[in-house]
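Visitor: need a structure here:
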Amino acid sequence: MSVQPSSILRRLAFCLAFFVVPLATAADYRPPAPGGGWPSADARTEGWDTGRFAALEAAVTDGTFKNIASVVVVRDGKLVYEAYFNGANADTLNDVRSASKSLTALLVGAAIDRKLIPGVDAKVYSYFPDKQPVQHPDPRKQAIALEDLLTMSSLWECDDDNAFSSGNEERMYVTEDWLQFALDLPIKGFAPWMTKPADSPHGRSFSYCTAGSFVAGAIVERATKKPLASFAAEALERPLGIADSHWNVSPLGVGMGGGGTRYRSRDLAKFGQLALDEGRWQGRQVISTAWMRQMLSVHAQAREDADYGYLWWCFHFKAHGRDQPVWAMSGNGGNYVFTMPAEHLVAVVTSTAYNQRYAHPQSQKIFSDYILKALPN
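Guide: Numbers count the residues shown, from 1 in each chain. So this is what the prediction gives:
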């Protein structure tokens, strides 16, 4: 029996229609449902280019962007876009790795607000008399202040970007007593090609050090006499209406203020909104305005293209053709909470591209080329 070409084409068309997933279009946009403390708005009536959101979804679907879990966009305190990918959903607790450091900065502020820590000049070693004497004793170690940890500029020889560094976080993880590990670190030396603090912008020589953030969290525990997760629930999560989270602890049970916390994407956006609104959430002052302004001020130059506050990054992106500062929580895998004050904008990108070179560039590209270019004119 012969088969007519037209019949073959009809069957082929049927198969393609069955197996090929249609790409999202601007017409497919649906406003996020309000809930969890968030009102929502229709991006179309707000003037957003929802075609950019459709293009973003297509780029995730075709593998241009890999391992993206969620994208949430908030403007003027309202959800305007929300999408989940690769098996994630609104209830997924995202492991945001080092974005957790920014939460530790918020908790330091909460402890200072409660007068449990006198200020950022508090001396680190004074909180740990049980860990002394320490190795490599030096008067300069005793002078290290909490602010040095918050700005990644202590004199500890600690550099996560240098596999040979004594304080590299991977060395810490294979020890039992992470606190002792950090407090025992030697004073760093400055080779001729390295910039000394006195010659650095803001008088601080930046060196990314997870051990320092861990110690900052441990200081909060000592000062509040509560586990870090418990104080986070009291000072941040309950006031923001966050019902579920996860905080890691060290082998000896000290809260991990340097990474690995897990939150829902909408709840991560609340931290961004808190930063945008100078510590307020729905009219309530959760963290003092004074601390938020101090935390989100430039205290060190992290890279040629990025500055640093208190465990928050400061980048610059273009919106409507103008260069604008963007404060961000940032973690391994391409996890971000971006806040752009000039546009009253918060954007969350969560990703599981851990230890992949493309992770951070692709999340920043999502923010710059899709979210910012979708902004209303």
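Visitor: Name the residues of stretch 268-283 that are buried.
Guide: 268-279, 281 (16 or more other CB atoms under 10 Å). All C-beta spots, glycine's among them, are computed from the backbone N, C-alpha and C.
Visitor: do stretch 61-80 as well
Guide: Quick answer for stretch 61-80 (16+ other CB under 10 Å): 65, 67-75, 78-80.
Visitor: what two of those have the greatest distance between them?
Guide: Within the buried residues of stretch 61-80, two members stand farthest from each other by CB to CB: Asn67 and Lys78, at 28.1 Å.
Visitor: all helices in the stretch 251-377 of the chain, in order from the N-terminus.
Guide: 265-276, 289-295, 359-365 (DSSP state H, counting those that start in this stretch).
Visitor: Between these, which one is closest to Thr25.
Guide: In terms of CB to CB, the element of the helices of the stretch 251-377 of the chain nearest to Thr25 is helix 359-365, at 21.1 Å.
Visitor: So which elements touch that closest one?
Guide: With contacts defined as 3 or more CB pairs under 8 Å, 6 or more residues apart in numbering; DSSP states H and E, helix 359-365 has these neighbours: strand 335-340, strand 345-351.
Visitor: go again using 10 Å as the cut-off
Guide: Secondary-structure packing of helix 359-365 (3 or more CB pairs under 10 Å, 6 or more residues apart in numbering; DSSP states H and E): helix 50-61, strand 68-75, strand 322-331, strand 335-340, strand 345-351.
Visitor: what would these look like in a markdown table with distance to Ala105?
Guide: Output for the helices and strands packed on helix 359-365, formatted as a markdown table (distance: least, CB to CB, whole Å):
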| stretch | distance to Ala105 |
| --- | --- |
| helix 50-61 | 30 |
| strand 68-75 | 21 |
| strand 322-331 | 9 |
| strand 335-340 | 13 |
| strand 345-351 | 17 |
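Visitor: need the ones you listed in CSV with mean pLDDT and distance to Arg171, can you?
Guide: Formatted as CSV, the helices and strands packed on helix 359-365 follow (pLDDT from 0 to 100; distance: least, CB to CB, whole Å):
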stretch, mean pLDDT, distance to Arg171
helix 50-61, 98, 36
strand 68-75, 98, 29
strand 322-331, 98, 20
strand 335-340, 98, 23
strand 345-351, 99, 26
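Visitor: Phe315 is nearest to which of the ones you listed?
Guide: Comparing the helices and strands packed on helix 359-365 by CB to CB, strand 322-331 comes nearest, at 4.8 Å.
Visitor: In contact with the nearest residue to Trp178 once chain neighbours are set aside: list those residues for me.
Guide: Using CB to CB, 6 or more residues apart in numbering and skipping residues adjacent in sequence, the residue nearest Trp178 is Ser250, 4.4 Å away. Applying CB atoms under 10 Å, 6 or more residues apart in numbering to Ser250 gives the contacts 172-173, 175-179, 181, 214, 217-218, 256, 258.
Visitor: Next step: the residues you listed restricted to helices.
Guide: Among the contacts of Ser250, DSSP state H puts Met172, Tyr173, Trp178, Leu179, Phe181, Phe214, Gly217, Ala218 in helices.
Visitor: Without its sequence neighbours, what residue ends up closest to Val217?
Guide: To be clear, residue 217 is Gly; Val isn't right here. Nearest one to Gly217, counting by CB to CB, 6+ apart, is Gly257 at 2.0 Å.
Visitor: and the one you found, what is it in contact with?
Guide: By CB under 10 Å, 6+ apart, the contact set of Gly257 is 100-101, 103-105, 107-108, 149, 210, 212-221, 228, 232, 247-248, 311.
Visitor: mind checking pLDDT for it?
Guide: The confidence metric pLDDT takes the value 98 at Gly257.
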